[in-house]
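Visitor: Got a predicted structure plus its sequence, pasted below:
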2 protein chains.
Amino acid sequence: MSSNHTHNKKNQTLTKNQRIVLNLLQDSGEPLKAYFILDSLKKEGLNSPLQVYRALDKLVELGKIHKVESLNSFIICNNSNCASNTAFTICERCGKVKEIKNNNLTEGVNELVRENKLNITRYNLEFYVVCKSCKIN
Amino acid sequence: MSSNHTHNKKNQTLTKNQRIVLNLLQDSGEPLKAYFILDSLKKEGLNSPLQVYRALDKLVELGKIHKVESLNSFIICNNSNCASNTAFTICERCGKVKEIKNNNLTEGVNELVRENKLNITRYNLEFYVVCKSCKIN
DNA sequence: TTACGTATGTAATAGTATAACATTAGAGGT
DNA sequence: ACCTCTAATGTTATACTATTACATACGTAA
Ligand SMILES: [Zn+2]
Ligand SMILES: [Zn+2]
Ligand SMILES: [Zn+2]
Ligand SMILES: [Zn+2]
């Protein structure tokens, strides 16, 4: 079946489990919970939580997805250069999550870090908001 | 026993459960987990997780403690004016957590928020570091 | 007093994550 | 091709984190 030649090492190293979990997160675009992922992928052959968590761990490590800590959820990275740094807005009302892509923010954080002599290895920023559609209602 | 007159409303409103949980966190200074708190306070009369979680919820709401989301832990607020905004450094090696008190950081974040038009209600910032004692070793 | 909101106590259960161990698949060197 | 090493898998069990539900008590204010 799956012709897993060794081209394209960076992207094609993914195993079957990792790939189907990544695809689900990609298609969804929303933060998903591990057990929801498990339920969704039963038909693809995932049977146990551990299979999901192992795939998630690997994908986080590769920077392809992020964990939204305060939601116990995982979301596709749409930024492609986070290097395990994350910044999200989270709507307090509807739960919608957006990864912040703004370069000003990234630069601003870097500046903050320099100015405050924080010897950091990475960061995780969660900004709680009321999103546009929720503000209307 | 406990003469709970209604003086000093802001601070003395705490109930017995809330008070003993707060005291433990205060004495510890470290982030503690709910079930550790439960075990520690069995002798004080806490029997069930729910008693702990209810106290924790209230104390978070009052701004007296914070939840460290990525550790599933709770820590005393040593800042006194966070208004549910939090900023921590977390050592990746030893797990030591410090609340950032630096006013420059607070102001810097506010600036970031203004510049990026983030309509936020609160934020939670986690900076992963290697702390001094861990860097030596 | 009555009524209301908030806190309690207790039991059960839901939701999140990892440990342990045996097995398999792949990449790289010889 | 064969050996070897590492990483991933499959499976079961278990640990850890948090909430639901419901009955009861307490404090404040009308
Ligand atoms: Zn990202
Ligand atoms: Zn919303
Ligand atoms: Zn604080
Ligand atoms: Zn350390």
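Guide: Noted; the coordinates are in hand. Ligands and ions are numbered 1, 2, ... in the order given.
Visitor: For chain A, what lies in contact range of ligand 2?
Guide: Residues of chain A that fall close to ligand 2, judged by Cβ under 5 Å from the ion: A:91, A:93, A:94, A:96, A:131, A:134. In short, each C-beta sits where N, CA and C put it, glycine included.
Visitor: burial count for the first one?
Guide: It stands for residue A:91. Neighbour count of residue A:91, defined by other Cβ atoms under 10 Å in any protein chain shown: 18.
Visitor: Skipping adjacent residues, who's closest to it in space?
Guide: residue A:131 (4.0 Å; Cβ to Cβ, 6 or more residues apart in numbering or on different chains).
Visitor: hang on, the earlier thing: go through the residues of chain A next to ligand 2 and flag which are in helices.
Guide: Within the residues of chain A next to ligand 2, residues falling in helices by DSSP state H are residue A:134.
Visitor: With just CA atoms, put the helix or strand harbouring residue A:17 into PDB.
Guide: Assessed by DSSP states H and E, residue A:17 sits inside helix A:16-28. Taking C-alpha atoms only, helix A:16-28 is exported to PDB below (Å, rounded to 0.1, in the frame of the first residue of the first chain):
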ATOM      1  CA  LYS A  16       0.300   6.400   9.700                       C
ATOM      2  CA  ASN A  17      -1.100   7.300  13.200                       C
ATOM      3  CA  GLN A  18       0.700  10.600  13.200                       C
ATOM      4  CA  ARG A  19      -0.600  11.400   9.700                       C
ATOM      5  CA  ILE A  20      -4.200  10.700  10.400                       C
ATOM      6  CA  VAL A  21      -4.200  12.700  13.600                       C
ATOM      7  CA  LEU A  22      -2.500  15.600  11.800                       C
ATOM      8  CA  ASN A  23      -5.000  15.400   9.000                       C
ATOM      9  CA  LEU A  24      -7.900  15.500  11.400                       C
ATOM     10  CA  LEU A  25      -6.500  18.600  13.100                       C
ATOM     11  CA  GLN A  26      -5.800  20.200   9.800                       C
ATOM     12  CA  ASP A  27      -9.200  19.600   8.400                       C
ATOM     13  CA  SER A  28     -10.800  20.800  11.600                       C
END
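Visitor: Is it in proximity to DNA strand D?
Guide: Yes: using Cβ under 7 Å from any atom of the strand, helix A:16-28 reaches DNA strand D at A:16, A:17, A:18.
Visitor: Please identify which of the residues you listed is nearest to ligand 1.
Guide: residue A:18 (17.0 Å; Cβ to the ion).
Visitor: what's around the residue lying closest to the closest one once chain neighbours are set aside, how many residues?
Guide: Spatial nearest neighbour of residue A:18, chain neighbours left out: residue A:55 (4.6 Å); criterion: Cβ to Cβ, 6+ apart. Residue A:55 has 27 neighbours, counted by other Cβ under 10 Å.
Visitor: Residue A:55 and residue A:65: what is the separation?
Guide: According to Cβ to Cβ, to the nearest Å, residue A:55 stands 9 Å off from residue A:65.
Visitor: Now the common contact residues for those two.
Guide: Both residue A:55 and residue A:65 are contacted by residue A:22, under the criterion Cβ atoms under 8 Å, 6 or more residues apart in numbering or on different chains.
Visitor: picking that back up, and which of the residues of helix A:16-28 next to DNA strand D is nearest DNA strand C?
Guide: residue A:16 (8.5 Å; Cβ to the nearest atom of the strand).
Visitor: ok, back up a step: verify the stated contact: the residue nearest to residue A:91 with residue A:95.
Guide: No: with contacts counted by Cβ atoms under 8 Å, residue A:131 stays clear of residue A:95, the gap being 9.4 Å.
Visitor: Of these two, which one has the most company?
Guide: residue A:131 (18 against 14).
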